[in-house]
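Asks: Structure for this input, please:
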Amino acid sequence: MFRKDPFITGEYYHIYNRGIDKRDIFKSTFDHERFMMLLYVANSHEDLRLDNLVNRLHKTFQDILVLDKGKPLVSIGAWCLMTNHFHLLVRQEVEGGITKFMRKLGVGYSMYFNIKYQRQGALFGGPFKSKLIGVDDAYMQYLLGYIHLNPLDIEFYQWKQNLDRPTEEMKGFLESYRYSSYQEGLARTVLATGFISDKID
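Replies: Alright, predicted model coming up:
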């Protein structure tokens, strides 16, 4: 797909996409783990095939995430997987890195999903979306918070109205949610500060 604004090496981008017709793209724990493994394996100059690693070499989830995969295409600053969409915060490290990474990620996961669930056709609702973050620190903070707080939609429908007074249940839910980088400590101050409460729509 031709993009109006080409990706610039060294710049940060919010990358996101959802299932076609807003359909679920993650139906099981292994679906989530498969995508998480692809986040790691697809982020390489090397042509690594996850199917070979898992099915022929019998590598486990933990094995994959410590594999020496060579030089990365992007740096992943934050990520979150929801039922029917995903969010990534990435920085392009090499020319064409985001495009190559997202192609490998999208094709690899779509092939896995279609084979597993015996379906055909596009899995995602069009090409992935992207937004340049730029040099605005406030927007970067907002985006980190937005990505990591997204899972609250699953259990707490009114969380956006209550962000200035988060409950222990909300904090506990985020800390136990396995399908985001929140547990890596990137946004644990978000709930304490509430700095994005006036920006989330």
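
Asks: and residue 77, backbone torsions?
Replies: In terms of degrees, to the nearest 10, the main-chain angles of residue 77 are phi -90, psi -30.

Asks: Correct me if wrong: it contacts residue 89.
Replies: Yes: between residue 77 and residue 89 there is a contact at 4.3 Å, judged by C-beta atoms under 8 Å. In this view, the C-beta of every residue, glycine as well, is placed from N, C-alpha and C.

Asks: what is in contact with the two at once?
Replies: Common contacts of residue 77 and residue 89 (C-beta atoms under 8 Å, 6 or more residues apart in numbering): 12, 144.

Asks: Let me see the domain layout of the protein.
Replies: In terms of domains, the chain is parsed into 12-132, 137-193 (source: automatic domain parsing).

Asks: In CSV: these, plus mean pLDDT.
Replies: Listed next are those as CSV, based on pLDDT from 0 to 100:
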stretch, mean pLDDT
domain 12-132, 91
domain 137-193, 76
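
Asks: now these as JSON lines including distance to residue 5?
Replies: Below are those laid out as JSON lines (distance: least, C-beta to C-beta, whole Å):
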{"stretch": "domain 12-132", "distance to residue 5": "6"}
{"stretch": "domain 137-193", "distance to residue 5": "16"}
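
Asks: With mean neighbour count added, can I get these in a markdown table?
Replies: Formatted as a markdown table, those follow (neighbours: other C-beta atoms under 10 Å):
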| stretch | mean neighbour count |
| --- | --- |
| domain 12-132 | 17 |
| domain 137-193 | 16 |
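
Asks: Could you tell me how far the biggest helix by length in the chain lies from the centre of the chain?
Replies: Secondary structure assigned by DSSP state H gives helix 97-116 as the longest helix of the chain. With C-alpha atoms, centre = their mean, to the nearest Å as the basis, helix 97-116 stands 13 Å off its chain's centre.

Asks: Tell me which stretches of the protein form helices.
Replies: 29-41, 50-51, 61-64, 97-116, 137-149, 152-155, 168-176, 190-193.

Asks: The ones you listed: which one's closest to residue 6?
Replies: helix 97-116 (9.1 Å; C-beta to C-beta).

Asks: and residue 133, how many neighbours?
Replies: When neighbours are defined as other C-beta atoms under 10 Å, residue 133 has 19 of them.

Asks: shouldn't it be in contact with residue 11?
Replies: Yes: contact criterion C-beta under 8 Å: residue 133 and residue 11 qualify, at 7.4 Å.

Asks: Could you pull up the residues touching residue 59?
Replies: 53, 67.

Asks: any idea how far it is from residue 67?
Replies: Distance of residue 59 to residue 67, computed by C-beta to C-beta, to the nearest Å: 7 Å.
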